[in-house]
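> Could you look at this predicted model? Sequence included:
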Amino acid sequence: MKTLVIGATGQVGHELARQIPSGLIATTRSGESPFAGVSCLALDVTDLDAISALIARVEPGLVVNASAYTAVDRAESEAELAFRVNAQAPESMARACADVGARFVHYSTDYVFDGDGREPYRPDDPTAPIGVYGRSKREGEERVLASGADAMILRTAWVYGLRGQNFLRTMLRLGGERDELRVVDDQIGSPTPAWLVAALTRELVARGAPAGIQHVIARGAVSWCGFARAIFDEATARGLLARAPRVEAIPSSEYPTPAKRPSYSVLDTSGLAALGIDVPAWRDALAETFMRDVGAGASALG
């Protein structure tokens, strides 16, 4: 089957390009391929007409949208761009998929919820995004679901890896520079590596999972502070850091940001279990991330 991955330079897109063995066509803004031997086309996802034309020309059997506007704080002042990338572009992709009979996979986020809950959010729980980023992603969900495409929307959260901009790489950099860090301890979520999101996507597609919304995250929950401490445990054990900095737990009120974050971002993954798909615990997935990427020669600090 011919698979089109849109946004192959992002964390999840890069992992999809690494994990899909054959029949892959990737898109990047520049048209430069993320891997040797991977066919790549140029696509600017803000150009809605270009999206439709490319999908009509390629005629893939599967389209995976790994592109997104993810600058949560900047979205508060760039709402138009956030909605174009996170809502209008996915709608164009989905409608084009419906036209050519392709399956469509689109990623969404825990930010569609307000974070006031204390039990894992189910896919059918009411949404209530609290910022521009979350509202743009929720509108994207609604537009995709209304498109008529055979579409799976995969919500994930706290995505990280040893490439790109994310919490893991920030902690490794700061851990090498400072003796002490102050990290928020009252926001709870499920750290999920990009490779796991890609692997679960492949598994869902392979099993012919039904259209609709699924949650794809690692099992369990931890605060940002607890996640930081686990990162430093792994990094020092593997010799990436000479010693771990002291991590002081602080409330969110001591780390103000332009956009408010959900205080509770744990998502229910019983839908995966119902399909017989096993999901690792977040701590095990973190260890696997170091083994996969550092063991393969990837630079954690570069």
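It's in.

> Any figure for the gap between residue 17 and residue 141?
Using CB to CB, to the nearest Å, one obtains 24 Å as the distance from residue 17 to residue 141. From N, CA and C alone the C-beta is placed, and that goes for glycine too.

> just checking, residue 159 touches residue 13?
No - with contact defined as CB atoms under 8 Å, residue 159 does not count as touching residue 13 (11.4 Å).

> tell me, what's touching those two both at once?
Common neighbours of residue 159 and residue 13, counting by CB atoms under 8 Å, 6 or more residues apart in numbering, are absent.

> Run a quick neighbour tally on the nearest residue to residue 79 once chain neighbours are set aside.
If the residues on either side of it in the chain are set aside, residue 79 comes closest to residue 132, at 4.8 Å by CB to CB, 6 or more residues apart in numbering. Counted by other CB atoms under 10 Å, the residues lying close to residue 132 total 25.

> quick one, what contacts residue 132?
The contact partners of residue 132, by CB under 8 Å, 6+ apart, come to 75-76, 78-79, 82, 259.

> Tell me, how many residues neighbour residue 46?
15.

> same deal with residue 39?
Applying other CB under 10 Å, I find that residue 39 has 13 neighbouring residues.

> repeat for the one 5 residues further on
Residues lying near residue 44 (other CB under 10 Å) number 14.

> what about the strands in the stretch 101-250 of the chain?
If you assign secondary structure with DSSP state E, counting those that start in this stretch, the strands in the stretch 101-250 of the chain sit at 103-109, 150-156, 159-160, 180-184, 188-189, 192-193, 212-215, 222-223, 246-250.

> Quick one: closest of these to residue 25.
Proximity to residue 25, assessed across these by CB to CB, is greatest for strand 103-109 (14.6 Å).

> Check which helices and strands the closest one sits against.
When contacts are defined as 3 or more CB pairs under 8 Å, 6 or more residues apart in numbering; DSSP states H and E, strand 103-109 packs onto strand 62-65, helix 89-100, helix 132-145, strand 150-156, helix 194-206.

> most neighbours per residue, which of those?
For those, ranked by mean neighbour count under the definition mean count of other CB atoms under 10 Å, the leader is strand 62-65 at a mean of 26.

> Which SSE is immediately downstream of that one?
Next helix or strand after strand 62-65 toward the C-terminus (DSSP states H and E): helix 79-83.

> is residue 192 in a bridge, and if so with what?
Taking DSSP bridges, one obtains residue 159 as the residues bridged to residue 192.

> tell me the contacts of residue 148?
For residue 148, the set of contacting residues under the criterion of CB under 8 Å, 6+ apart consists of 94-95, 98.

> Thought residue 191 was touching residue 158, still the case?
Yes - taking CB under 8 Å as the contact criterion, residue 158 and residue 191 are neighbours in contact, 4.6 Å apart.

> Between these two, which contacts overlap?
Here residue 158 and residue 191 have 167, 227 as joint contacts, going by CB under 8 Å, 6+ apart.

> hmm, back to that, could I get the strands of the stretch 101-250 of the chain as a markdown table with mean pLDDT and distance to residue 4?
What follows is the strands of the stretch 101-250 of the chain, written out as a markdown table (pLDDT from 0 to 100; distance: least, CB to CB, whole Å):
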| stretch | mean pLDDT | distance to residue 4 |
| --- | --- | --- |
| strand 103-109 | 98 | 10 |
| strand 150-156 | 98 | 14 |
| strand 159-160 | 97 | 21 |
| strand 180-184 | 97 | 38 |
| strand 188-189 | 98 | 30 |
| strand 192-193 | 98 | 23 |
| strand 212-215 | 98 | 20 |
| strand 222-223 | 98 | 35 |
| strand 246-250 | 98 | 42 |
